[in-house]
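Chemist: Build the 3D model from these lines:
(one chain, ligands or ions: 3)
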Amino acid sequence: MKNIAPAISPPSGIGNNKPANQAVLDWVHEVELLAKPENIFWCDGSERECDYLLQEAMRQNVLIKLNEKKVPRSYLHRSNPNDVARVEQFTFICAPTKEEAGPTNNWSEPGDTYAKLQGLLKGAMRGRTLFVVPYIMGPPDSPLTKVGFEITDSIYVVLSMRIMTRMGEVAVKRLGNDPAAEWNRGVHSLLDIDPARRFICHFPQDNTIISVGSGYGGNVLLSKKCLALRIGSYLARKQGWMAEHMLILGVESPDGKKHYVAAAFPSACGKTNFAMLIPPKHFASWKVTTVGDDIAWMQIRDGRLFAVNPENGYFGVVPGTNYKSNPNAMKSIEHDSLYTNVALADDGDVWWEGKDGAPPKHAIDWRGNDWTPGSKEKAAHPNSRFTAPVRNNPVLDSNFEKGEGVPISAIIFGGRRSNTMPLVFQSFDWEHGVYLGATMASETTAAATGAVGQVRRDPMAMLPFCGYNIGDYFRHWLAIGKRLTNPPLIFNVNWFRKGEGGKFLWPGFGDNMRVLKWIIDRCEGSDAALKSPIGWLPGLHDLDLAELEIDHKCVDELLEIDHEEWKTELAEHKNFFDSLGGVVPEVLMKQGKQLAVRFAE
Ligand code: GTP
Ligand code: SPV
Ligand code: MN
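Modeler: Residues are numbered from 1 along each chain as shown. Ligands and ions are numbered 1, 2, ... in the order given. So this is what the prediction gives:
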C-alpha cells in the first residue's frame, strides 16, 4: 500500500528542538517504540521550520500552492472523501466508569481502549516521520493557559497547529523542566484513513488523547475540541473554571462604553459570523471586535466571569462566506491561510458555493474531479474549512492577549430552529438561564457526519464536547452561578426561524447587531422588555429596526410565542431530561415545571 505520509529528512538545524523535560522525552520514546517511525521531528515553531515543512507538504501533494497574487502564501488541502467532518459515533470518553462519562457520551473502558489503540498504533509510523508539536492554549501570561504536546504523523496537522495554537518554543519554555508539571499528551496517527479504524479517544483522568484513522480538523487538531473542550471541561470542573463552545466578542457604543459577550451556538450555527459582525450603516458608530470564534475559557474574578480565547487561529466554515455576509472573515482568509476541501479554479484561486462573483467556468472540485457550474456535485464540501491566523482579522480585539481575560456582561445561547424559538429573549435569572442552555436544541449540520437538519437537544452547544457526565456539567454551571456576585445576564437567540415558503424571517449577519444592541441595553439596565412565560422579550418597538426593510408581519412572527408549538417544546424538554436517566439536577427539573405553570397561568 502507498505510504500516505512518507518520512522527510530535514537539513541540519531543523526538527531537532528536543525539550529537556524528562516526562515528555519518556512519553515520546514510548510512542516511538510502539509506532516505529523512521525518524522524529521536534518542532520549534520557527519561520524556517514552517518554510521547510510547506515545501515538503507540496512535494508530497498534501498541500497545493494557490495563486500567489490572488491568495498570497496560502494552500489547499484535500482530505480523504471519507474523512470530511467530526465523527461523533467514534468519539469516546474513556473515564474509569460509564457513569463518569454520563448518558450523552460514548464510553469505553480505559484499559481495554489503551490496549486496542496500542494494537492499532503498533508499527503504524513505519517509514513515516513522527512530529512532536509543543503548544500552549491561552495567552502566554494567563493563569488559565495549558500546555499540550501532540505527536502526529501528518504534516498537515503540524502546519495547521502552527496557525491554530501558539506553537513551538513558547510551549517548551512554559512547561519547564518539572517532570510533574501538568500537560496534555496527544497522540495522532493517520493509520490508513479507514473509517473502520477511526477512533477519537479521551482519557480525562490521564490528561491524554489518542486519535487514529482520520486526517480531518476537529478529529486531529487535538488542541481544539479534544483538549480545549473535552479534556478542558473535565479540568475546568475539577479546578473551578469553565470551558465552553462559545465565541467571545467586544461591543463598543458610540460613547465609548464597552461590553463583552460570550455566545454558545452549535457547530456551523453562526459563531464565527457573529464574532466578526460588522454593524449596519445605522449603527455605524458602534464597533464589534473579536476575542474568539469557537472556544471560551472562563474564570471567576471579583465575582465576575472573565473569558480568554485559548486558540490562536480560526478553523471556520467556508461555504456561504463572502464580502457581504462576513467581510472580516474574507479579509482574514485573503492570505497566509490553509483551505481544506474547497474547489481549485484553473487560475490557482479557490472557489466555494456562496463566494462573491461568478463561479469559474471550470474548476477541480473538493474531491479532485472536474467541475463546471452545470455540475450536480458541489464544488466545495459543505463542511469545507479555512485555517487562518487571528492576526489576519481586521477587528481582532485589543484584549485578545490579555491573560486575565475580558469581563463577560452577557451569555447568549442559540440554535438553528425553523420554528418555536423567538428571535431573542432573556432569562429571568441565572438558574433559569442554565435551564435555557440545558434544553437548547438545534438542527444538525455538516460539521459532523450523519443526517443534516434534524432537531436535537444540544445543551450549551456542548453535546459533542462535554468530557464528563452532563448532569455534573449542569451542576457545575449552577455552582458557578452561586459564586458570581455580578453574573452575566443570560439570553437565547434564533437567527434561523422560517416563515411561509421556508424562508428565513430574519436577515441575520450584520443585522444581528440589532439584537445585540437590545442585549447590551438590557445589560445597561434598560427596562424595554415584556414579561412572557419563557422570559423577557423585546416589545415590537424595543428592537431598533431603523433602515431595515422588513415586513412588520415578519417581526411579529419572529417574536411570536406559539402556545401549540411550546406545548410540544415543553414535552421535548421533559423527554430529554428523562432520557438522561436521573442525572439532571432537581433545580432544573423544577425550572421545567415552573415554565409549564407560567404557560398555564
Ligand atoms: P463551527 O466552526 O462549526 O463551530 O461553526 P460556527 O458556529 O462558527 O458557524 P459559522 O459562523 O461558520 O456559520 C455557519 C453557517 O451559518 C454558515 O453557512 C453561515 O453562512 C451561516 N450563518 C451564520 N450566521 C448566520 C445568520 O445570522 N443568518 C443565517 N441565515 N445564516 C447564518
Ligand atoms: C465544530 O464542529 O464545532 C468546529 C469544527 O468548530 S471542528 O474543529 O472540526 O470540530
Ligand atoms: Mn465549533
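
Chemist: quick one: buried residues of stretch 246-265?
Modeler: 246-253, 258-265 (16 or more other Cβ atoms under 10 Å). No exception for glycine: its C-beta is placed from N, CA and C like everyone else's.

Chemist: how far is stretch 318-333 from where the chain is centred?
Modeler: 17 Å (Cα atoms, centre = their mean, to the nearest Å).

Chemist: Is any residue of that stretch near ligand 2?
Modeler: No - judged by Cβ under 6 Å from any ligand atom, stretch 318-333 and ligand 2 are separated, with a smallest distance of 11.6 Å.

Chemist: averaged over its residues, what pLDDT does stretch 497-510 have?
Modeler: Stretch 497-510 comes out with an average pLDDT of 96.

Chemist: Hmm, I typed the wrong one, I wanted stretch 57-67.
Modeler: Average pLDDT, stretch 57-67: 98.

Chemist: what does it contact?
Modeler: 5-6, 54, 74-77, 154-156, 159, 338-339, 344, 347-350 (Cβ atoms under 8 Å, 6 or more residues apart in numbering).

Chemist: Generate a PyMOL selection restricted to the buried entries among these.
Modeler: With 16+ other Cβ under 10 Å as the criterion, this PyMOL line picks the buried residues out of the contacts of stretch 57-67:
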select buried, resi 5+54+74+75+76+77+154+155+156+159+338+339+344+349+350
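
Chemist: Narrow the contacts of stretch 57-67 to those in helices?
Modeler: Judged by DSSP state H, the subset of the contacts of stretch 57-67 located in helices is 54, 155-156, 159.

Chemist: which of those lies closest to residue 93?
Modeler: Closest approach between the ones in helices among the contacts of stretch 57-67 and residue 93, by Cβ to Cβ: residue 156, at 26.0 Å.

Chemist: I'd like to know how far the closest one sits from ligand 1.
Modeler: In this structure, residue 156 and ligand 1 are 18 Å apart, going by Cβ to the nearest ligand atom, to the nearest Å.

Chemist: Also residue 246?
Modeler: Taking Cβ to the nearest ligand atom, one finds residue 246 at 10 Å from ligand 1.

Chemist: Repeat that for residue 289.
Modeler: Distance, residue 289 to ligand 1, using Cβ to the nearest ligand atom: 16 Å.

Chemist: can you confirm that residue is in a strand?
Modeler: Yes - under DSSP: H, G, I helix; E, B strand; the rest coil, residue 289 falls within a strand.

Chemist: Quick one: neighbours of it, just the number.
Modeler: Neighbourhood size, residue 289 [other Cβ atoms under 10 Å]: 24.

Chemist: again with residue 489
Modeler: As a burial measure, residue 489 scores 19 neighbours (other Cβ under 10 Å).

Chemist: Adjust the sequence numbering to begin at 522 for everything that follows.
Modeler: Sure thing, new numbering starts at 522, so read that last one as residue 1010.

Chemist: Ramachandran angles for the closest residue to ligand 2 within the chain?
Modeler: Closest approach between the chain and ligand 2, counting by Cβ to the nearest ligand atom: residue 739, at 2.3 Å. Main-chain dihedrals, residue 739, degrees, to the nearest 10: phi -60, psi -20.

Chemist: ok, what's across the strand from the nearest residue to it once chain neighbours are set aside?
Modeler: Excluding its sequence neighbours, the residue lying closest to residue 739 (Cβ to Cβ, 6 or more residues apart in numbering) is residue 607, at 4.1 Å. With DSSP bridges as the criterion, residue 607 is bridged to residue 969.

Chemist: thought the residue of the chain closest to ligand 2 was touching residue 606?
Modeler: Yes - counting by Cβ atoms under 8 Å, residue 606 is a contact partner of residue 739 at 7.5 Å.

Chemist: Overlap of the contact sets of these two?
Modeler: In contact with both residue 739 and residue 606: residue 968, using Cβ under 8 Å, 6+ apart.

Chemist: Distance to ligand 2 and pLDDT added to the ones in helices among the contacts of stretch 578-588, as a markdown table?
Modeler: Listed next are the ones in helices among the contacts of stretch 578-588 as a markdown table, based on distance: Cβ to the nearest ligand atom, whole Å; pLDDT from 0 to 100:
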| residue | distance to ligand 2 | pLDDT |
| --- | --- | --- |
| 575 | 22 | 98 |
| 676 | 19 | 98 |
| 677 | 13 | 98 |
| 680 | 16 | 98 |
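
Chemist: how about the strands of the stretch 722-871 of the chain, start to end?
Modeler: Along the stretch 722-871 of the chain, the segments classed as strands by DSSP state E, counting those that start in this stretch run 729-733, 763-765, 768-773, 779-785, 808-813, 817-822, 825-829, 834-838, 859-861, 864-866, 871-872.

Chemist: Include distance to residue 907 when you put those into TSV, please.
Modeler: Listed next are those as TSV, based on distance: least, Cβ to Cβ, whole Å:
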stretch	distance to residue 907
strand 729-733	22
strand 763-765	23
strand 768-773	16
strand 779-785	20
strand 808-813	15
strand 817-822	21
strand 825-829	23
strand 834-838	5
strand 859-861	6
strand 864-866	13
strand 871-872	9
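
Chemist: In stretch 700-719, which residues have enough neighbours to count as buried?
Modeler: 704-712, 714, 719.

Chemist: Check those one by one and keep those near ligand 1.
Modeler: Among these, not one lies near ligand 1 by Cβ under 6 Å from any ligand atom.

Chemist: Can you pick out the most distant pair from these?
Modeler: 704 and 714 (28.2 Å).

Chemist: So, low pLDDT: which residues of this protein?
Modeler: Low-confidence regions of the chain, defined by pLDDT under 70, span residues 522.

Chemist: need the longest helix for it.
Modeler: helix 1084-1100.

Chemist: So for the helix or strand following that one, what gets flagged as buried?
Modeler: Sequence-wise, the next helix or strand downstream of helix 1084-1100 (DSSP states H and E) is helix 1107-1121. When burial is assessed from 16+ other Cβ under 10 Å, helix 1107-1121 yields the following buried residues: 1109-1110, 1112-1113, 1116-1117, 1120.

Chemist: Go through those residues and name the one nearest ligand 1.
Modeler: Comparing the buried residues of helix 1107-1121 against ligand 1 with Cβ to the nearest ligand atom picks out residue 1109 as the nearest, at 24.8 Å.

Chemist: I figured the closest one was touching residue 1101, is that so?
Modeler: No - with contacts counted by Cβ under 8 Å, residue 1109 stays clear of residue 1101, the gap being 10.3 Å.

Chemist: Does stretch 599-606 reach ligand 3?
Modeler: No - Stretch 599-606 does not reach ligand 3 (Cβ under 5 Å from the ion); its nearest approach is 11.6 Å.

Chemist: thinking again about what came up before, how far away is the residue of the chain closest to ligand 2 from residue 781?
Modeler: Separation of residue 739 from residue 781 (Cβ to Cβ, to the nearest Å) stands at 26 Å.

Chemist: how about the residues of the stretch 522-671 of the chain that lie near ligand 1?
Modeler: For the stretch 522-671 of the chain, the contact set with ligand 1 under Cβ under 6 Å from any ligand atom is empty.

Chemist: now the helices for the stretch 522-671 of the chain?
Modeler: For the stretch 522-671 of the chain, the helices defined by DSSP state H, counting those that start in this stretch cover 543-556, 568-580, 619-622, 631-642.

Chemist: do the same with the stretch 872-1021 of the chain
Modeler: Taking DSSP H, counting those that start in this stretch as the test, the helices found in the stretch 872-1021 of the chain are 951-960, 991-1004.

Chemist: Just name the most buried of those helices.
Modeler: Sort the helices of the stretch 872-1021 of the chain by mean neighbour count, taking mean count of other Cβ atoms under 10 Å, and helix 951-960 sits at the top with a mean of 23.

Chemist: Against which helices or strands is that one packed?
Modeler: If you count contacts as 3 or more Cβ pairs under 8 Å, 6 or more residues apart in numbering; DSSP states H and E, helix 951-960 packs onto strand 927-935, helix 991-1004, strand 1010-1014, helix 1084-1100, helix 1107-1121.
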